[in-house]
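K.L.:
Predicted model, plus sequence, below.
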Amino acid sequence: MKQDRLGPLIKDIFVYCDTHEHLFTLLTGTNDSTLYADIIVMLRRICTEAMAPIETMVKEGVPDVDASSALLLRRAEDLRNYQFDYIAGGVVSILRDWFQRGRQEPIPLMTALATNLTEQLGRQAFARNLALL
């Protein structure tokens, strides 16, 4: 993730879900938004732990800005969380659809599809979003 390579993480998610089919059938068999939200929160936590501290991300994204500003760091952290929620929501939605369709497509294809869609939302997107502040 630190190198904008989300493929290995996405592959691990698909393999885990495929291996634990009985658990993820719950995700597709009901409209339990609590389970859906819990998975997104878990993925956000994993992403947050894997990334550099927010101060480093701000400095790398906008080198000419004071990365020690508490307000800026709080707003940057909010932006990062929105971005992770967006990515996680997309991956979970693809997973849910894949299960509902009977997991017909192979994991490498699903991994490549999800990776291609999410890699556009990496560090460069974070830097562009920081510029909005």
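P.N.:
Received, thanks.
K.L.:
now for the longest helix anywhere in the chain, which elements pack on it?
P.N.:
The longest helix of the chain (DSSP state H) is helix 70-100. Under the contact criterion of 3 or more Cβ pairs under 8 Å, 6 or more residues apart in numbering; DSSP states H and E, helix 70-100 touches helix 7-19, helix 21-29, helix 33-50, helix 54-61, helix 107-118, helix 123-130. Glycine gets a C-beta too; all of them are placed from N, C-alpha and C.
K.L.:
Could you check the angle it makes with helix 107-118?
P.N.:
150 degrees (axes from the mean of the first three to the mean of the last three Cα atoms, to 10 degrees).
K.L.:
Please point out which parts of helix 70-100 sit buried.
P.N.:
72-73, 76-77, 79-80, 83-85, 87-89, 91-92, 94-96, 98-99 (16 or more other Cβ atoms under 10 Å).
K.L.:
Poorly predicted segments of the chain, please.
P.N.:
For the chain, applying pLDDT under 70 flags the ranges 1-6, 25-35, 50-53, 55-68, 122-123.
K.L.:
for stretch 77-85, the distance to its chain's centre please.
P.N.:
The chain centroid and the centroid of stretch 77-85 are separated by 9 Å under Cα atoms, centre = their mean, to the nearest Å.
K.L.:
Need the CA coordinates for it. CSV is fine.
P.N.:
Extracted in CSV, the C-alpha atoms of stretch 77-85 (Å, rounded to 0.1, in the frame of the first residue of the first chain):
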residue,chain,number,x,y,z
GLU,A,77,-7.0,12.5,8.4
ASP,A,78,-10.6,13.0,7.6
LEU,A,79,-9.8,13.1,3.9
ARG,A,80,-7.8,9.9,4.2
ASN,A,81,-10.7,8.2,6.0
TYR,A,82,-13.1,9.2,3.3
GLN,A,83,-10.8,7.9,0.7
PHE,A,84,-10.3,4.6,2.5
ASP,A,85,-14.1,4.3,3.0
